[in-house]
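Engineer: what follows is a predicted protein model with its sequence.
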Amino acid sequence: MVSYEYVLGGVLVSLLGSVFFMIISTTLGGKKPCKGSNGGVKSNDGFGNSAFQSEMEMKSTDVVIVGAGVAGAALAYTLAKEGRRVHVIERDLTEPDRIVGELLQPGGYLKLIELGLEDCANESIDAQKVFGYALYKDGKDTKLTYPLEKYSTDVAGRSFHNGRFIQRMREKAMTLSNVKLEQGSVTTLIEEKGIVKGVIYKNKAGEEMRTYAPLTIVCDGCFSNLRKSLSAPKVESPSCFVGLILENCDLPHANHGHVVLGDPSPILFYPISSTEVRCLVDVPGTKVPSVASGEMANYLKTVVAPQIPPQLHNAFMAAVEKGNIRTMQNKSMAANPVPTPGAILLGDAFNMRHPLTGGGMTVALSDIVLLRDLLRPLHDLNDAPALCNYLESFYTLRKPVSSTINTLAGALYKVFCASPDPARQEMREACFGYLSFGECIRHHIPHYKG
């Protein structure tokens, strides 16, 4: 029976690692037409031709970026380094305080290096290197290490306070003279004859302002109020995260993320500084026990605490007693763009997946590298319909990375959750058993970790 489970686990992991090829092959065909003033397709691919110049007066901005989170801040620095004049509008420029976006996989760190932003995730923000994962189930544990031998010693995953990482990237973007970073709330896209010309926003003083550019890139996050103008989103909410910070404790496996295959769903631990460990308790569905009434603390003490590694028990209970318990809804949303001249979506505004595998920032940074490379040969962005058609390739070229990470995030979440279904139970046990082989399955790990 044990050998059967391992065989089943091997088949399962292999299928998960290859399923994205089927997705790619079934979605490459057929471009979506760009929205235009008459709903037709603009087919001219020329740039800089005076016949296609925008009717608006030439402005001093090449790109407007909505949002300065991970995607927006990284994009601002990247495009400004390319010589673009960038205006970034962010709702709140104080340091964010979130319980996700704290773990960057090695693939994402490699993208940071490509963008010249690796110094934003180093000791200056007390970032910690992550070399792999430890899995726990029913008192047993196994360790999986990223296959990084062919890279320099600096290449690894990184974990940190999300807000520190974002602030460091904002600061770096602001060192470039062609970046204007402004606090304001974008309310509307300015659209004329089917072409996005810029945005309307309220500045910090509450005044209504307008800014124009040939290209507007919307990176306003998972709660985007603009995505419906540029896509046909179907947002799902598979679960909630309950977040705690454990202080002054050592993880059983240093510099590794820890995943407990708990009941009803996974429990995560990973370092976010030299003295702090983030704990994320997954709760399936859209409702969680009340924090205010004490229901949540009781749930964490009676249901969760008995399942975590004993080395972390005291620190976990102390964190619960301290009472700084945070919750957030996890969201999943396939990319379904409606190509629109003059605008594009990026980051969580565009595409989300369950955060179990920590792949979101890797997808966003990979998209930024791709968009930078596509825009690099274009000196003039003013021919909006032609630019829209040209950027159709972005949606195809991003699939190998995004589809792999998105598919595996959803599949692994389902496999790692407990279930009364005997077949699901057996699949979960088989997956853990197979992964327990450790070194012999390390060639699968790049699929999981970007």
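Structural biologist: That came through, no problem.
Engineer: and the longest strand along the chain, what does it pack onto?
Structural biologist: As assigned by DSSP state E, the longest strand anywhere in the chain is strand 179-192. Helices and strands touching strand 179-192, by 3 or more C-beta pairs under 8 Å, 6 or more residues apart in numbering; DSSP states H and E, are helix 70-81, strand 86-90, helix 162-174, strand 195-203, strand 208-212, helix 227-230. Bear in mind the C-beta positions are built from the backbone N, C-alpha and C, glycine included.
Engineer: how much does the fourth one deviate in direction from strand 208-212?
Structural biologist: I take that to be strand 195-203. Interaxial angle of strand 195-203 relative to strand 208-212 (axes from the mean of the first three to the mean of the last three C-alpha atoms, to 10 degrees): 150 degrees.
Engineer: just the buried positions in strand 195-203, please.
Structural biologist: 195-199, 201-202 (16 or more other C-beta atoms under 10 Å).
Engineer: now the third one
Structural biologist: Under the neighbour-count criterion of 16+ other C-beta under 10 Å, helix 162-174 has 162-170, 172-174 buried.
Engineer: which one of the buried residues of strand 195-203 sits closest to T216?
Structural biologist: V196 (5.3 Å; C-beta to C-beta).
Engineer: pretty sure the closest one sits against I344.
Structural biologist: No: using C-beta atoms under 8 Å, V196 makes no contact with I344, being 9.2 Å away.
Engineer: between these two, which contacts overlap?
Structural biologist: T216 (C-beta atoms under 8 Å, 6 or more residues apart in numbering).
Engineer: the inter-axis angle of the longest strand of the chain versus strand 208-212?
Structural biologist: Using the same axes, to 10 degrees: strand 179-192 against strand 208-212 is 90 degrees.
Engineer: CA atoms only: put strand 179-192 into CSV for me.
Structural biologist: Extracted in CSV, the C-alpha atoms of strand 179-192 (Å, rounded to 0.1, in the frame of the first residue of the first chain):
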residue,chain,number,x,y,z
VAL,A,179,9.5,59.6,-11.9
LYS,A,180,6.7,61.6,-10.3
LEU,A,181,5.2,59.8,-7.4
GLU,A,182,2.0,61.4,-6.1
GLN,A,183,-0.5,60.4,-3.4
GLY,A,184,-4.0,60.4,-4.8
SER,A,185,-7.1,58.2,-5.5
VAL,A,186,-7.8,57.4,-9.1
THR,A,187,-11.5,57.3,-9.7
THR,A,188,-11.9,57.0,-13.5
LEU,A,189,-10.1,56.3,-16.7
ILE,A,190,-10.3,59.1,-19.3
GLU,A,191,-11.6,57.5,-22.4
GLU,A,192,-12.3,59.2,-25.8
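Engineer: in it, which residues are buried?
Structural biologist: Going by 16+ other C-beta under 10 Å, strand 179-192 has these buried residues: 179-181, 183-186, 189-191.
Engineer: and the residue nearest to the spatial centre of the chain, what is it in contact with?
Structural biologist: In the chain, the centroid-proximal residue (C-alpha atoms, centre = their mean) is G360; its distance is 1.9 Å. Counting by C-beta under 8 Å, 6+ apart, G360 touches 100-101, 348, 352-353.
Engineer: let me have the buried residues of strand 179-192 in JSON lines, extended by distance to F437 and pLDDT.
Structural biologist: Shown next, in JSON lines, are the buried residues of strand 179-192 (distance: C-beta to C-beta, whole Å; pLDDT from 0 to 100):
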{"residue": "V179", "distance to F437": "49", "pLDDT": "98"}
{"residue": "K180", "distance to F437": "53", "pLDDT": "98"}
{"residue": "L181", "distance to F437": "49", "pLDDT": "98"}
{"residue": "Q183", "distance to F437": "51", "pLDDT": "98"}
{"residue": "G184", "distance to F437": "53", "pLDDT": "98"}
{"residue": "S185", "distance to F437": "51", "pLDDT": "98"}
{"residue": "V186", "distance to F437": "50", "pLDDT": "98"}
{"residue": "L189", "distance to F437": "51", "pLDDT": "98"}
{"residue": "I190", "distance to F437": "56", "pLDDT": "98"}
{"residue": "E191", "distance to F437": "55", "pLDDT": "96"}
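Engineer: how about those in CSV, adding distance to D62?
Structural biologist: Listed next are the buried residues of strand 179-192 as CSV, based on distance: C-beta to C-beta, whole Å:
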residue, distance to D62
V179, 11
K180, 11
L181, 15
Q183, 21
G184, 19
S185, 22
V186, 18
L189, 17
I190, 16
E191, 19
